[in-house]
Structures are given as structure tokens and as C-alpha cells.
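**Q** coords please:
(one chain, ligands or ions: 1)
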Amino acid sequence: MCRHLAYLGPSVSLASLVLDPPHSLYKQSWAPKDMRGGGSVNADGFGLGWYLENEAVRYRRSVPIWADENLPGLTRSISSGAVIAAVRNGTTGMPLGEGAAAPFQHDQWFFSHNGLIRDWPGSVAKLAEGLPVTDLLTLDAPVDSALLWALIVDRLDRGPAEAVASVVQDVEAAAPGSRLNILLTDGEQLVATTWTHALWVRQTDDSVTVSSEPWTDDPGWRELPDRTLLTATRYACSTTSMEGRQ
Ligand code: GLN
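**A** All right, here's what the predicted structure looks like:
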């Protein structure tokens, strides 16, 4: 299972989120604490997305995060008030490559998926048929996460929370037992789900952080129950149960 995080708040260096904490995402790439049977390391690529003066910027690589010698310098020299990052442990049978690593992007939106679609790809072929053919022909990679993203993008006009919740519901119905832990942000709002895997949240007066694993001993980290939909801005965060959506 991949590990991911998102942050909205005052501008901070990317390194302070991804590299420096004692149990940082960087460290979680080779020493995650909570993989729940979904692999042991997250070495199949990584990615970061951030916003600078409202422009979404992305950096993805197909190598393990620890193998990118430029990353420490890069992340120390960039600060942002909205960041998403992920390290990937590719699901068996899925291709490798930069295009398969989160975050996936559409305009201002960044997306990350921790999990898998059961019985890929047959289980969701009918759902995919509802998408414009050009969307399918331009997926970043033939992986379950990219299809999930295309399904959500197609529904963004319903609002980000409804787009995510309805796609989780439809994919679970088509492919029961799927693992659909999602992060979505446009730099102002954050939507996240727990659907078979952990997500921790830490809130302050003017920031919200979510992460697959807490990266400090700070008692402010709170674990979300499974099947939760979180919606947040940097100043407010609310959660609702998705149980009824099964
Ligand atoms: N299924 C996705 C992939 O193959 C996500 C993998 C994961 O969460 N470990 O990239």
C-alpha cells in the first residue's frame, strides 16, 4: 500500500513535510509501520505536488524516493502552503513508470490513491465505458489509480466531495473489497477517504495535515475511522461516515 500525505496551511518548506520529520514520508518509503499486508516497501516511484501563487507544480519520478539525489536540495528550496506527496508500492501486475506515480493532475487538482481495485481491469470495465474515449486514451498509465482519477475528474462538476464519494461507492459496488484511500486537493480544499486503510489528521488553528502514518509523537494526530470522508480547508475540517454508501 502506498503512503501519502497532504497539507494546507501557512507556507512551509517541502522538506519539513516530506523529509525532516522523524517518521517522514521519506522514511515511510523503506520503513513503513502500517502496510496491512499490502507489500513491505514503497519503492516504485514517488511524487510531490504543490502550489506557488496558485499555480500547480508537480514533480514525479519512477525511482525510489531515496534514490533521487536532487530531492533534498529541491525540497529545502521550495515552500508552499498546499502540498500533496506520495510514495508508491505498485500493485502486483501494474506497470512501473513515472506516469503511474501519484499525484495525478488535472488543471488545479492533484489526486493520490492508496489501495487497489479488485479484479482489475474486468471488474470496472463497465464503469470505464461511461467515460469519454479520449479520457481513456490519455490516461497517464494503464493503472487502477489513473482510472479512478479519470472517473473522479469526470464528476468534478458535482463538487469534489461528491465526486470522490460517488466514485468510491460505484467502484466498491463493481469491485467489492477494493481499497480506495484517496486524497484530492486544489490547493484550497482537501477531500480524503479512508476505505480499508489508515489516515491520520492533525489540525491547528490555521492548518490541516493528513498522512497515512503520523510522522511525529505529537498527540495532536488523530486516526480517522475506516470509511470516513474528510473535507477540509486550512481553517476547518469535517468528517462524515461513508458506511451508508456501501
Ligand atoms: N494500485 C495502485 C498502484 O498500483 C496503488 C498502489 C498502492 O497503494 N500500493 O499504483
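**Q** which parts of the lengthiest strand in the chain are buried?
**A** Ordering each strand of the chain by length in residues (DSSP state E) puts strand 3-13 first. By 16 or more other CB atoms under 10 Å, the buried positions in strand 3-13 come out as 3-9, 13. The way it works is simple: take the backbone N, C-alpha and C, and place the C-beta from them, glycine included.
**Q** tell me what it is packed against?
**A** helix 14-18, helix 25-28, helix 71-77, strand 79-87, strand 109-116, strand 179-185, strand 190-194, strand 207-211 (3 or more CB pairs under 8 Å, 6 or more residues apart in numbering; DSSP states H and E).
**Q** does any part of that strand sit near the ligand?
**A** No - judged by CB under 6 Å from any ligand atom, strand 3-13 and the ligand are separated, with a smallest distance of 8.3 Å.
**Q** again with stretch 91-102
**A** Yes - Stretch 91-102 comes into contact with the ligand (CB under 6 Å from any ligand atom), by way of 91, 94, 100.
**Q** Pull the residues that contact that stretch.
**A** 2, 4, 44-47, 60-62, 84, 86, 88, 90, 111-113, 116, 120, 140-146 (CB atoms under 8 Å, 6 or more residues apart in numbering).
**Q** buried subset of those?
**A** 2, 4, 44-47, 60-62, 84, 86, 88, 90, 111-113, 116, 120, 140-141, 143-146.
**Q** Name the nearest residue to S112, ignoring sequence neighbours.
**A** A102 (3.7 Å; CB to CB, 6 or more residues apart in numbering).
**Q** Look up phi and psi at the closest residue to G130 other than its chain neighbours.
**A** Distances taken as CB to CB, 6+ apart put D154 closest to G130, at 7.7 Å, once the chain neighbours are dropped. D154 has phi and psi values of phi -60, psi -20 when expressed as degrees, to the nearest 10.
**Q** Close to the ligand: what parts of this structure are there?
**A** 1-2, 38, 88-91, 94, 100, 113-116, 143-145.
**Q** And the furthest pair within those residues?
**A** The largest separation in the residues of the chain next to the ligand, counting by CB to CB, is between G38 and A100 at 15.9 Å.
**Q** So E243 is in contact with R227, correct?
**A** Yes - the criterion here is CB atoms under 8 Å, and E243 meets it with R227 at 5.4 Å.
**Q** got the CA positions of the longest strand of the chain in PDB?
**A** Extracted in PDB, the C-alpha atoms of strand 3-13 (Å, rounded to 0.1, in the frame of the first residue of the first chain):
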ATOM      1  CA  ARG A   3       1.800   6.100   1.700                       C
ATOM      2  CA  HIS A   4       0.600   9.600   1.100                       C
ATOM      3  CA  LEU A   5       0.100  13.000   2.700                       C
ATOM      4  CA  ALA A   6      -1.500  16.400   2.100                       C
ATOM      5  CA  TYR A   7      -1.100  19.700   3.900                       C
ATOM      6  CA  LEU A   8      -2.900  23.000   3.700                       C
ATOM      7  CA  GLY A   9      -1.700  25.900   5.900                       C
ATOM      8  CA  PRO A  10       1.000  28.600   6.200                       C
ATOM      9  CA  SER A  11       3.800  28.200   3.800                       C
ATOM     10  CA  VAL A  12       6.400  25.700   4.900                       C
ATOM     11  CA  SER A  13       9.300  24.000   3.100                       C
END
